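Visitor: What shape does this take:
(2 chains)
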There are 2 protein chains.
Amino acid sequence: MGSAKIITAAMLAIGDELLSGRTKDKNIGHLADMLFLAGIDLKEVRIVGDEEEMIVEALNALRSRYDYVFTSGGIGPTHDDITADAVAKAFGVPCTHDTDAMELLGAMYARRGVEFNEARQRMARMPVGARHIPNSVSTAPGFIIGNVHVMAGVPQVFVAMLDVLLPTLETGAPVLSRSVASPFGEGDIGSRLSAIQQAHPETSIGSYPRYDGNRFSTEIVIRSRNEAPAAAAERDVLAMIADIAAAKAAG
Amino acid sequence: MGSAKIITAAMLAIGDELLSGRTKDKNIGHLADMLFLAGIDLKEVRIVGDEEEMIVEALNALRSRYDYVFTSGGIGPTHDDITADAVAKAFGVPCTHDTDAMELLGAMYARRGVEFNEARQRMARMPVGARHIPNSVSTAPGFIIGNVHVMAGVPQVFVAMLDVLLPTLETGAPVLSRSVASPFGEGDIGSRLSAIQQAHPETSIGSYPRYDGNRFSTEIVIRSRNEAPAAAAERDVLAMIADIAAAKAAG
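Guide: Numbers count the residues shown, from 1 in each chain, chains lettered A, B, ... in the order given. Below you'll find the model as predicted:
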């Protein structure tokens, strides 16, 4: 259970392949799930390509505004992996081959009898002063500098790095979430739901329309950091659905 | 076939549910696919929650920088649908019940014998001066103001709106894309691929690692707006793979 403090976060997903449609991002949804469970508020996500200036600008905007920033992508061994350099530039520090990362990777490739060539050595590059994020899948570490957490784009590696990272972060009070399935579309419930939201200011009530190809239904989600207001709002939502159902049956 | 001009775009996906992990966005990947095919360069994506200030700020940053901006989400009938108001605020114009949209929706609900209540009327709200984006799925239109194209968040509706919208946009020269599957990981190909990129400056060569739970392979993608440079770079990439395979077989 975290403190009552609100902890905010942003994500920066990096990679031309996300913007060309070639790769459908999976890391944003995973990070969103994990941060929600941890009680960290994900407030903003940006996706940019492999362009240093874009990465630096986005990173500086996000790291000054939120408690934590998480990045994905661009830390592999090829020429288009420029995230380490861009992060170093954003922090105004040099990007060098990290001694510990060189040892770690050198030992791993030696064990496997694989040449630790120039490309592979690129994966040891980090901004000076960065700390490692361990990579249990493929060794090459992510890194942390300031409030920025730099992780791989390959989903299996991103997941593994985040698993190690999350328990080390400061977390806030988890948000309690109650979900009510409404068989009615937003048009039927909109006005009354708005009144329920106003009557329960300690909650945040969202409504998420679903369309099955024929008709709309709605998932109503009540969020609060406290139990009692969430329960009270949920009662009103259930009463609203019962009323609308009765009115439809009568009409 | 479009002009040789470069046309840029950004997307702003709006909705708390995307940041809490409740909904896994599908619209970003779809837009990325469609714009790539159309020859429009998607340069940046942002995701923000249902907060007016965040939407306004992101929208003003993106619309001043790119030729087109596409938004998804927040145009339904409930209290948390605030996109129309936020877009109006970003443009400094009033947000009102659009006369044509009121007629369109009023007639549709009358045909269906459904009350055109206050919540449903919210779906007719637009910034003054906006033009409609037709909605073949559920009638309530999206809208265009300036270079900003406001669409629904429900994927079926987003897809339908984009289908109508795309043929009306100015497009650039499509990017030709050639993909070469490399059985070798990025560590094996990194240095030589970097040299190939430098030798073919008219192309943009990306490498996308895949991990099957056991070993890494790579998809190498060569992009160019011209045929000859893409073909030349592809020949060099194929030669590189043959060389590495021969070296591995010999070693």
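
Visitor: could you pull out the helices for the stretch 51-200 of chain A?
Guide: A:52-65, A:83-91, A:99-112, A:118-122, A:155-165, A:186-199 (DSSP state H, counting those that start in this stretch).

Visitor: Which positions in the stretch 51-200 of chain A make contact with chain B?
Guide: Contact residues, the stretch 51-200 of chain A versus chain B (C-beta under 8 Å from any C-beta of the partner chain): A:54, A:76-81, A:114, A:117-120, A:122-123, A:137-138, A:153-154, A:156-157, A:175, A:177, A:186-191, A:193-194, A:197. Bear in mind the C-beta positions are built from the backbone N, C-alpha and C, glycine included.

Visitor: circling back to that earlier point, in JSON lines, list the helices of the stretch 51-200 of chain A along with mean neighbour count, mean pLDDT and distance to residue B:181.
Guide: Below are these laid out as JSON lines (neighbours: other C-beta atoms under 10 Å in any protein chain shown; pLDDT from 0 to 100; distance: least, C-beta to C-beta, whole Å):
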{"stretch": "helix A:52-65", "mean neighbour count": "18", "mean pLDDT": "98", "distance to residue B:181": "28"}
{"stretch": "helix A:83-91", "mean neighbour count": "23", "mean pLDDT": "98", "distance to residue B:181": "24"}
{"stretch": "helix A:99-112", "mean neighbour count": "14", "mean pLDDT": "97", "distance to residue B:181": "23"}
{"stretch": "helix A:118-122", "mean neighbour count": "20", "mean pLDDT": "95", "distance to residue B:181": "19"}
{"stretch": "helix A:155-165", "mean neighbour count": "19", "mean pLDDT": "97", "distance to residue B:181": "19"}
{"stretch": "helix A:186-199", "mean neighbour count": "20", "mean pLDDT": "93", "distance to residue B:181": "45"}
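
Visitor: Can you show me the strands along chain A?
Guide: Taking DSSP state E, the strands of chain A run over residues A:7-14, A:40-48, A:68-72, A:95-97, A:125-127, A:131-133, A:142-145, A:148-151, A:176-182, A:204-211, A:216-224.

Visitor: hmm, back to that, now render the helices of the stretch 51-200 of chain A as TSV, adding distance to residue A:224.
Guide: Formatted as TSV, the helices of the stretch 51-200 of chain A follow (distance: least, C-beta to C-beta, whole Å):
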stretch	distance to residue A:224
helix A:52-65	24
helix A:83-91	36
helix A:99-112	43
helix A:118-122	47
helix A:155-165	26
helix A:186-199	12
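
Visitor: out of those helices, which comes closest to residue A:242?
Guide: helix A:186-199 (11.6 Å; C-beta to C-beta).

Visitor: Show me what that closest one is packed up against.
Guide: Helix A:186-199 sits against strand A:204-211, strand A:216-224, helix A:227-250, helix B:118-122, with contacts defined as 3 or more C-beta pairs under 8 Å, 6 or more residues apart in numbering or on different chains; DSSP states H and E.

Visitor: Backbone dihedrals for residue A:74, both of them.
Guide: With angles defined as degrees, to the nearest 10, residue A:74 sits at phi 80, psi 20.

Visitor: ok, now how distant is it from residue B:131?
Guide: Distance of residue A:74 to residue B:131, given as C-beta to C-beta, to the nearest Å: 39 Å.

Visitor: Between the two, which is the more surrounded one?
Guide: Each of residue A:74 and residue B:131 has its neighbours counted (other C-beta atoms under 10 Å in any protein chain shown); residue A:74 has more, 26 against 13.

Visitor: Could you report the pLDDT at that one?
Guide: Confidence at residue A:74, expressed as pLDDT, is 97.

Visitor: Could you find the closest non-adjacent residue to it?
Guide: residue A:83 (3.2 Å; C-beta to C-beta, 6 or more residues apart in numbering or on different chains).

Visitor: Wait, the one you found touches residue A:150, no?
Guide: Yes. Contact criterion C-beta atoms under 8 Å: residue A:83 and residue A:150 qualify, at 6.2 Å.

Visitor: joint contacts of those two?
Guide: Any residue near both residue A:83 and residue A:150 by C-beta atoms under 8 Å, 6 or more residues apart in numbering or on different chains counts here, and that gives A:71, A:75.

Visitor: Please name the residues that touch residue A:22.
Guide: Contacts of residue A:22 by C-beta under 8 Å, 6+ apart are B:177, B:208, B:221.
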